[in-house]
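J.: Coordinates for the following, if possible.
(2 chains)
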Amino acid sequence: MSDDTILLDHGSGGLASQELISGLFLKYLDSPVLKGLEDSAVIDNQPGKLVFTTDSYVVDPLFFPGGDIGKLAVHGTINDLAMRGGRPLCLSLALILEEGMPLKDLERIIISVAQAAKESGVPIVTGDTKVVPRGKADKVFINTSGIGVVDASLSLSSQNGTPGDAIILSGTMGDHGITIMTRRAGIALEGDLRSDTMPLHRLVDTILDRYPDSVRTFRDPTRGGVATTLNEIAAASSLTIVLQEEALPIRAEVRAACEILGLEPLYLANEGKCLAVVNGADADNILELMKQQDEGKDAVIIGRLEKGKAGRVLINTPIGGSRVITPLHGEPLPRIC
Amino acid sequence: MKYIDEYRDSSLVKPLVEKLKKSVTKPVRLMEVCGTHTMAIFRNGIRSILPAGMEIVSGPGCPVCVTSASHMDAFIAMAEIPGVRVAIFGDLFRVPGSHGSLANATARGALVEVVYSPMDALELARNNPEDTVVFLGVGFETTTPGIAATILAAYHEDIDNFCVFSTQKVIPGPLEALMQDPQLNINGLLCPGHVSAIIGAGAYQPFVDQGLACVVAGFEPADLVNGLILLAKQVGTNTPQVENIYPRVVSWDGNRRALAMVDQIFEPIDMEWRGLGVIENSGLAIREKYQKFDAQKRFDIELVPTEEPKGCLCGEILKGQTVPPQCPLFGSRCTPSTPVGPCMVSSEGTCAAYYKYGRDS
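T.: Residues are numbered from 1 along each chain as shown, chains lettered A, B, ... in the order given. Okay, the predicted model is just below:
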């Protein structure tokens, strides 16, 4: 095996591990806390409540239009913190590498992690690397955990929904899911399909800064899509959600790809969008504020919470009919004809 | 999107919906034959706006749903042969046989790949010369020409490690047999759009001769609502005929070139349909000249008779004799995550459609 691939030695904890850490990881990840190479990171005491989350990333392909597994691992965990109103402080980065993985791919991923962390203003402060024999993992698996702080007075939760609340979607849906599915299947479709991966903590912070009492919750509709997340919100708040199909923001390219493959954008993953459940009276103002931010420029009010059967999501179709929206069951599969 | 947006335009469809509400002069009991129609009707909320006196039942037109459990068992057995890599359309992955599904076989180490075209399966064979790639052919006239073209390509390229397990089926014959069932009491057919692109709208003339109203329609709201209006009119005025309102895709004679290619590769065979039993000449087998691409012959796979799962009403549902909520398993033991019968698995299955869009609405 040549020098430009990952070897089992790289995870041994010995010299090769040290070389990987200093020659690659510390070259790009420049947090002073990380550079200390201590067993754990010490974080200064923060005012407020702590928010803590973890997520693992196993996406295939590793690189896709609009992002890669590294960027996803940073944004995904930042967004999980942000959805509870947390201001992200720092992240951990744990890698499980498959023996034989090209080093240049790993370098590309670490550069991307570093760039995403820098742009988000959330440093990687601790990390770990393991290498498993070829065939025991698929190139690279990443886990990131994150710590943030939230104002002591804030308590965002899907249980807070109240009849009359509006549901704002921060932008178009399905972009990430359809990009990955078409890439994975090797389907070349015309048009610009790109993952929407991006951090949402600044958007959330801007809204909470102005309207701390009007936001019931934020949720990021990742796997399972908007449909599944809305079902969770409807169930947690024991209310019915009524959506307007014509309001749903879907890019033309995404809609076309979904038509071809027999998929519904409502069930596709998003990695840079949030659903905001807000007091109906302030909804228009919050929407305007959201649209002024880059992350929320395509935001739309897609529906409302209403009294009705607990946990039900209905959609009014453009022709005046209605139907039920259930959560996703299993992976979305393309149909035969 | 051209050919889609204009047929979804609510300013066009809403007046049609008003017209639909006034269209019924006699009780109309229709069957939508095709699974994509089943789904499109639910997805657009058309069931919630049907006028009194109009009823729609779903027919046997979901290819996954009519695949027999013994065929599923044979597919799974095939996938578990060492050195075999099975290629499927996505819907088939979770369909239960009598002991688990292809998804369970994958967990045990079988190689199952989801493809979007049979040509992709041939590409898999080219890229994996050490494996034999078996494409599981499940579908109607819509998918058969693509499979025929793929077999022809494999024949001309002399590719040895590719074959097809054909359970391809045809629509008109079995539908005619189904219509003989006096319990059904159907007076009109919403005829399939994509199948008709191949076989042509003329294929439904025999149904008109039996007194059935027939409209070939597309899948967008304007297509569907207009189709229902015309069917109600034909029934109301007792003027059955084949009306083709999907001329942007369907012609009277169909796609002759595709049909010729199908005839070159396949020959009619008696085929078992889930819920309907064995129907004469309703399936397609690979002709002798191309038998090296016939997976059943290559691997000597025998079909073992199986029993339908206890309590499952897929058979009756496929015949339009009952609706999913009447099934004791529906929504409890049988859900899209844990399907018992095939109508719950395919995104186009009647039970999946009721579960996904129609439950308690």
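J.: List phi and psi for the residue nearest to A:Gly330 when sequence neighbours are not counted.
T.: The shortest distance from A:Gly330 to any residue other than its chain neighbours is 5.8 Å, reached at B:Ser337 (CB to CB, 6 or more residues apart in numbering or on different chains). All C-beta atoms are positioned from the backbone trio N, CA, C, and that covers glycine. Geometry field for B:Ser337 lists phi and psi as phi -80, psi -30, criterion degrees, to the nearest 10.
J.: and B:Ser337, what pLDDT?
T.: Model confidence at B:Ser337, expressed as pLDDT, equals 81.
J.: what does the one 5 residues further on give?
T.: The score at B:Pro342 is 79. That number is its pLDDT.
J.: isn't the residue nearest to A:Gly330 right up against A:Glu331?
T.: No. With the criterion set as CB atoms under 8 Å, B:Ser337 and A:Glu331 do not qualify as a contacting pair; they are 10.7 Å apart.
J.: what sits against A:Leu230?
T.: A:Ile167, A:Pro221, A:Ile241, A:Leu243, A:Leu275, A:Gly303, A:Val313, A:Ile325 (CB atoms under 8 Å, 6 or more residues apart in numbering or on different chains).
J.: so which strand or helix has it?
T.: helix A:225-236 (DSSP states H and E).
J.: low-confidence ranges in chain B?
T.: By pLDDT under 70, the weakly predicted segments of chain B are B:358-361.
J.: and the lengthiest helix in it, how far out from the chain's middle?
T.: Residue-count comparison of every helix in chain B, with assignments taken from DSSP state H, identifies helix B:221-237 as the longest. Between the centre of helix B:221-237 and the centre of its host chain there is 22 Å, according to CA atoms, centre = their mean, to the nearest Å.
J.: Give me the helices and strands touching the helix or strand following it, please.
T.: Secondary structure here is assigned by DSSP H and E; on that basis, the next helix or strand after helix B:221-237 toward the C-terminus is strand B:242-244. When contacts are defined as 3 or more CB pairs under 8 Å, 6 or more residues apart in numbering or on different chains; DSSP states H and E, strand B:242-244 sits against helix B:205-209, strand B:213-216.
J.: how deep is residue 82 tucked in, by neighbour count?
T.: No chain in the question, so chain A it is. Neighbour count for A:Ala82, taken as other CB atoms under 10 Å in any protein chain shown: 29.
J.: oops, chain B please
T.: A count of neighbours around B:Pro82, defined by other CB under 10 Å, yields 8.
J.: name the element it belongs to?
T.: Counting by DSSP H and E, there is no helix or strand that carries B:Pro82.
J.: ok, A:Leu97 - contacts?
T.: A:Leu97 makes contact with A:Ile6, A:His10, A:Gly11, A:Leu106, A:Thr129, A:Lys130, A:Val131, A:Val132, A:Ala137, A:Lys139, A:Val140 under the criterion CB under 8 Å, 6+ apart.
J.: With respect to B:Asp300, which of those is nearest?
T.: Using CB to CB, the shortest approach to B:Asp300 within the contacts of A:Leu97 belongs to A:Ala137, at 38.0 Å.
J.: pretty sure that closest one is in a strand, no?
T.: No. Secondary structure assignment places A:Ala137 outside any strand; it is coil (DSSP: H, G, I helix; E, B strand; the rest coil).
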